[in-house]
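> generate coordinates for the sequence data below:
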Amino acid sequence: MSARLQSLQAQAKALGFDVCRIVKPDAIPLAPQRLDDWLQSGAQGDMAWMVETRDRRADPRALWSDVRSIIILGMNYGPDVDPRVTLDQNDVATISVYARHRDYHDVIKGKLKQLAGWLVTSAAKSEASEVKVFVDTAPVMEKPLAEAAGLGWQGKHTNIVSREFGSWLFLGSIFTTLDLEADTPEIDHCGTCTACVDACPTNAFPAPYRLDARRCISYLTIEHKGHIAREFRAPMGNRIYGCDDCLAACPWNKFAQVAHEAKLQARDDLNAPSLRTLANLDDAGFRTLFAGGPVKRIGHIRFLRNILIAIGNSKDASLMDSVERHIQHDSALVRAMAVWAAGRLLSADAFSNLAARHISDETDEDVRAEWRAPDPSCEDRLSS
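Numbering: from 1, shown residues only. Reported below is the predicted structural model:
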């Protein structure tokens, strides 16, 4: 390894990155066709931007024609406990590990800029040393590039798996005009294991290494803007923002480490927040609680949609007061899920009485459909 790369890795470590590797922009020749196949299947769901940015995403040189090397950085965000421990606690919400503190985009981008600045100032005057930094909001295929750079491999859950950090790595990249020595790609170490695929509560993996986002709880609770189909509501359980089941199931997590970056360590109040408390937040309270974090970006309306689904899955009829206060909410998306939750928590007679008081005033057809067809198994669940 050259002295420059040794200095680069030392600087990256000093900034808090756990892994730093180099890859060339032509290192992922199979990625464009795989991306096309995935997009043509429609598995991206509502994420129209995936189609719109296809050309730039498929080839780093289409994003920036002058790029000669790509520095891929990884930052560990490993949790201190298994994130699935709250899934059987019906009165609390489960938030994805990555969203329990600061928005990682902000944390990583600032450090990427510092590292990029160091790279430019340390380059020889005779070298062209332009740089661009990207986190995963840009059209960069970071996971194939990370595999080609040797950070890890794309597991059967389609995320990067590391022998040092398991499935808990955030990725960022620095594109540069400098000609840097590339690292050796990592090979796949999944073997015959299918733990991640088997762990998915909504069967979002039609095959290993292939994700149908339309069935993924992370997509449904974060990216999807409309009503969540009934078939996915019960499997969501109390997951209100994202899902870590496939990541947490990976056996390579036995080597994982707890995040050392304080801004990525979970806040105590977001480890197992009360469903009642969250359901009763107004918009200002929602924005205050999640200020600086990723949850805020879905907005209060979709947040309430997700919370009401979790309450509907709770079997806790004492939460009906939090449900009923949203039955006349301004948003049809919220009203519909309040009705669905009521159908899950109330007896058939109690639900009919509630419907009689409200359905005549309801003008939205989706909400009316929820009133007309409550979950038929609600009483069975309450008596079980």
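> ok, residues contacting the longest helix along the chain?
Using DSSP state H to define each element, the chain has its longest helix at helix 104-122. The contact list for helix 104-122 (C-beta atoms under 8 Å, 6 or more residues apart in numbering) reads 4, 7-8, 11-12, 15-17, 71, 73, 75, 77, 98, 129-137, 170, 172-174, 176, 178, 261, 263-264, 292, 294. All C-beta atoms are positioned from the backbone trio N, CA, C, and that covers glycine.
> now do stretch 332-346
Counting by C-beta under 8 Å, 6+ apart, residues outside stretch 332-346 touching it are 226-228, 230, 233, 301-302, 304-305, 308-309, 311-317, 319-320, 323-324, 326-329, 351, 354, 362, 364, 366-367, 370-371, 374-375, 378, 381-382.
> cool, stretch 206-226 as well?
Taking C-beta under 8 Å, 6+ apart as the rule, stretch 206-226 contacts 38, 41-47, 96, 154-158, 190, 194, 197, 200-205, 228, 232, 235-236, 239-243, 245, 298, 302, 306, 333.
> any idea which element the residue in the chain sticking out farthest from the centre lies in?
Most distant from the centre of the chain: S126, at 42.2 Å, with distances by C-alpha atoms, centre = their mean. Under DSSP states H and E, no helix or strand contains S126.
> what is the subsequent helix or strand relative to the one helix or strand A10 maps to?
For A10, the host element (DSSP H and E) is helix 3-14. Going down the chain from helix 3-14, the next helix or strand is strand 19-23, by DSSP H and E.
> strand partners of that following strand, parallel vs antiparallel please.
When sheet partners are counted by DSSP bridges, strand 19-23 sits next to strand 69-76 (antiparallel).
> model confidence over the partner strand, on average?
Per-region confidence: strand 69-76 scores 98 on mean pLDDT.
> what angle separates it from helix 3-14?
Inter-element angle recorded for strand 69-76 and helix 3-14: 30 degrees (by axes from the mean of the first three to the mean of the last three C-alpha atoms, to 10 degrees).
> domain parsing for this protein?
Domains of the chain are assigned by automatic domain parsing as 1-83+101-265, 274-384.
> how about those domains, which one is nearest Q89?
domain 1-83+101-265 (7.2 Å; C-beta to C-beta).
> just the ones of the contacts of stretch 206-226 in helices?
Short answer: the contacts of stretch 206-226 in helices (DSSP H) are 38, 197, 232, 235-236, 245, 302, 306, 333.
> before we move on, back to that, could I have the ChimeraX command that selects the buried members from the contacts of stretch 206-226?
Only the buried entries of the contacts of stretch 206-226 go into this ChimeraX selection, using 16 or more other C-beta atoms under 10 Å:
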select :38,43,44,45,47,96,154,155,156,157,158,190,197,200,201,202,204,205,228,232,235,236,239,240,241,242,243,245,298,302,306,333
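> okay, and which of the contacts of stretch 206-226 map to strands?
Mapping the contacts of stretch 206-226 onto strands (DSSP state E) picks out 154, 239-241.
> can I get the domains of the chain in a markdown table with distance to Q89?
Formatted as a markdown table, the domains of the chain follow (distance: least, C-beta to C-beta, whole Å):
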| stretch | distance to Q89 |
| --- | --- |
| domain 1-83+101-265 | 7 |
| domain 274-384 | 9 |
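> quick one: which of the ones you listed is nearest D91?
That would be domain 274-384 among those, by C-beta to C-beta, at 5.9 Å.
> mean confidence for the closest one?
Domain 274-384 comes out at a mean pLDDT of 92.
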